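1. Here is a sequence with its predicted model. Questions after.
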Amino acid sequence: MNMIKKIYYLFFALASPTLLAHHGAVTNPVLYQADNFVELEGVMTEMFWHNPHVRGRMTVVDEAGEEIVYELELGPGPPGMANRGLTEEDFLGPVRVAGYPSKRKINTIGILHVLMPSGREIVQGNREPLWAEELPNAQPDVDPILEAEERLTARSIFRTWTKQGGMAFSPEANDLANAMDWLSERGHELNALYDPIADNVEVSECKQGMPDYMFDPGQMRIDDEGDRIIFESWEYNGIRTIYMDTATAPEPEPSNVGYSTGRWFDDTLVVTTTHIDFPYWAEFGLPQSNQGIIVERFTPSDDGNNLSYTLTVIDPVTMTRPFTVRDNRFWTPGREILPYDCVVEW
C-alpha cells in the first residue's frame with residue numbers, strides 16, 4: 001500500500017473517534033471490506049464484555065438451513081455501552097446487524113448498526129438508523145466527590161482531560177500530493193514491508209507506543225509529582241513519566257513510550273522524547289526508527305477548560321522533514337480512570 005493511502009486512512013480514522021476499536025475503525029478499508037456493506041438477522045447467543053471493545057456471537061440460519069456463527073465487533077468497550085445504559089443481557093436474543101466484514105477473520109463483522117431485542121437500535125458514528133428509533137448515548141458518569149476535589153485542586157495542565165469528536169490536524173493532510181516527501185528512502189522500504197493485519201502490535205498485544213498513545217479519545221490524567229510529571233491514560237492503562245529534573249532522572253532506557261524530559265516555558269510544558277522502541281505509529285503504519293525524537297507542547301487555556309497540544313516528529317532515518325500534528329482536549333473533572341481490562345482474543 002502506498003504512503004498516500006496510509007496517510008488517508010490515518011486521518012480518516014482520527015476523524016471518526018466513535019468508531020475506533022481494538023481492530024481499528026470498522027470503516028477502515030485496510031482492515032475491513034468497507035465496500036461490502038452486509039445485513040444479517042439471527043440470535044445473539046454470547047457476549048464478550050471486555051475492552052478494547054465489546055464482541056458478540058450471533059447464530060444465523062442460511063438459505064440451506066445450515067447454522068453459521070458470526071463474531072461481531074461492536075465498537076465501544078464496556079464503559080461506552082454502560083454510557084448507553086446497556087448490559088450484556090440486553091444483547092442476547094433475536095437481533096439484526098449491519099456492517100463491514102473483517103479482512104482478518106472469516107465470519108467476523110465490524111458492526112455499524114444493531115437492532116436489539118428491545119426494538120431499539122444502536123448506531124455507530126454519524127449515521128441514520130436503519131430500522132428503528134436510535135438508542136441515545138448518555139453522558140459518562142461523573143463522581144461528584146472527585147469532581148469537587150479536582151475543581152479545588154486543579155491548576156495549569158494538572159487535571160483530567162478528555163478528547164472529544166474531531167480529528168487531530170496536520171497542515172500536510174491538506175496536501176496529500178506531497179505526502180511521499182515525508183518518507184526517506186529507508187522510510188519507503190519499511191513502509192513497503194508493513195502489513196496492517198499481521199504487523200498490528202495493538203491488535204496482537206494490546207499495546208500502544210508513542211506517538212499514537214497521545215491521541216486516544218479516553219480520559220487522561222496529568223499529575224505533578226515534583227521532579228516528574230505523570231500521564232495516566234485510560235486506554236490500555238498507559239503510563240508515561242516526564243522527568244523534570246535531570247539530576248534525579250534515571251538513565252534512559254528504550255520503551256514503547258520512550259524516555260521523556262520536560263521543561264516549562266511560561267504556561268507551556270515542552271516535552272522531548274527519545275529512545276522509542278515501537279516500529280510504527282499505529283495500526284495504520286508510518287514507520288519510525290529508534291533515532292526518532294518527539295517534541296510536544298501542552299498549553300492550557302486561560303480558564304483551564306481546554307488543553308492545546310502539538311506533537312512534532314523528527315526522524316532522520318525514516319523521514320525527510322519533521323511531521324507536526326495538532327490536537328485539543330477539554331477538562332472533565334470527576335471522571336475516573338478505570339481498569340482497561342484489555343483482552344485480545346475471545
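-> Yep, that arrived.
2. And what about residue 30, helix, strand or coil?
-> In terms of secondary structure, residue 30 is coil; the call rests on DSSP: H, G, I helix; E, B strand; the rest coil.
3. Could you pull up phi and psi at it?
-> Main-chain torsions, residue 30, degrees, to the nearest 10: phi -70, psi -40.
4. Report the beta-bridge partners for residue 294.
-> The bridge-partner assignment for residue 294, based on DSSP bridges, gives residue 273, residue 313.
5. And the one 4 residues further on, by the same measure?
-> Taking DSSP bridges, one finds residue 269, residue 309 as the beta-bridge partners of residue 298.
6. any idea how far it lies from residue 116?
-> To residue 116, residue 298 is 41 Å away according to C-beta to C-beta, to the nearest Å. No exception for glycine: its C-beta is placed from N, CA and C like everyone else's.
7. roughly how far apart are the closest residue to residue 276 other than its chain neighbours and residue 210?
-> The shortest distance from residue 276 to any residue other than its chain neighbours is 3.9 Å, reached at residue 258 (C-beta to C-beta, 6 or more residues apart in numbering). The spacing between residue 258 and residue 210, counted by C-beta to C-beta, is 5 Å.
8. what touches both of the two?
-> 273, 276, 294 (C-beta atoms under 8 Å, 6 or more residues apart in numbering).
9. how close does the first one get to residue 42?
-> I take that to be residue 273. Relative to residue 42, and taking C-beta to C-beta, residue 273 is found at 47 Å.
10. Same question for residue 185.
-> Residue 185 sits 51 Å away from residue 42 when distances are taken as C-beta to C-beta.
11. Between the two, point out the one with more neighbours.
-> Neighbour count, other C-beta atoms under 10 Å: between residue 185 and residue 42, residue 42 has more, with 20 against 9.
12. How about the contacts made by the more buried one?
-> Residues 58-61, 70, 94-95 are the ones in contact with residue 42 under the rule C-beta under 8 Å, 6+ apart.
13. In space, what's closest to it - neighbours in sequence excluded?
-> By the measure of C-beta to C-beta, 6+ apart, the closest residue to residue 42 outside its immediate chain neighbours is residue 60, 3.8 Å from it.
14. Could I get the pLDDT score of that neighbour?
-> Taken from the predicted model, the pLDDT recorded for residue 60 is 96.
15. sec struct for it, please.
-> Each residue gets one of three states, and residue 60 gets strand by three-state DSSP.
16. isn't it right up against residue 67?
-> Yes - counting by C-beta atoms under 8 Å, a contact exists between residue 60 and residue 67, whose distance comes to 7.2 Å.
17. More neighbours: which of these two?
-> For residue 60 against residue 67, the residue with the higher neighbour count under other C-beta under 10 Å is residue 60, and the figures read 15 against 10.
18. Output stretch 184-203 as CSV - backbone C-alpha positions only.
-> Extracted as CSV, the C-alpha positions of stretch 184-203 are listed here (Å, rounded to 0.1, in the frame of the first residue of the first chain):
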residue,chain,number,x,y,z
SER,A,184,13.2,8.9,3.3
GLU,A,185,14.4,6.0,1.1
ARG,A,186,14.7,3.9,4.2
GLY,A,187,11.2,5.0,5.3
HIS,A,188,9.8,3.9,2.0
GLU,A,189,11.4,0.5,2.4
LEU,A,190,10.0,0.0,5.9
ASN,A,191,6.6,1.3,4.8
ALA,A,192,6.5,-1.3,1.9
LEU,A,193,7.2,-4.1,4.4
TYR,A,194,4.4,-3.2,6.8
ASP,A,195,1.3,-5.4,6.8
PRO,A,196,-1.5,-3.7,8.7
ILE,A,197,-3.1,-7.0,9.6
ALA,A,198,-0.1,-9.2,10.5
ASP,A,199,2.2,-6.4,12.0
ASN,A,200,-0.5,-4.7,14.1
VAL,A,201,1.0,-4.8,17.6
GLU,A,202,-2.0,-3.0,19.1
VAL,A,203,-4.2,-5.9,17.9
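19. which parts of that stretch are buried?
-> When burial is assessed from 16 or more other C-beta atoms under 10 Å, stretch 184-203 yields the following buried residues: 184, 187-188, 190-191, 194, 196-197, 200-203.
20. List the residues that contact residue 80.
-> Contacts of residue 80 were listed using C-beta under 8 Å, 6+ apart, and they are residue 54.
21. Please tell me how far it sits from residue 298.
-> Using C-beta to C-beta, one gets 26 Å for the distance from residue 80 to residue 298.
22. separation between the residue nearest to residue 42 and residue 68?
-> In this structure, residue 60 lies at 5 Å from residue 68, with C-beta to C-beta as the measure.
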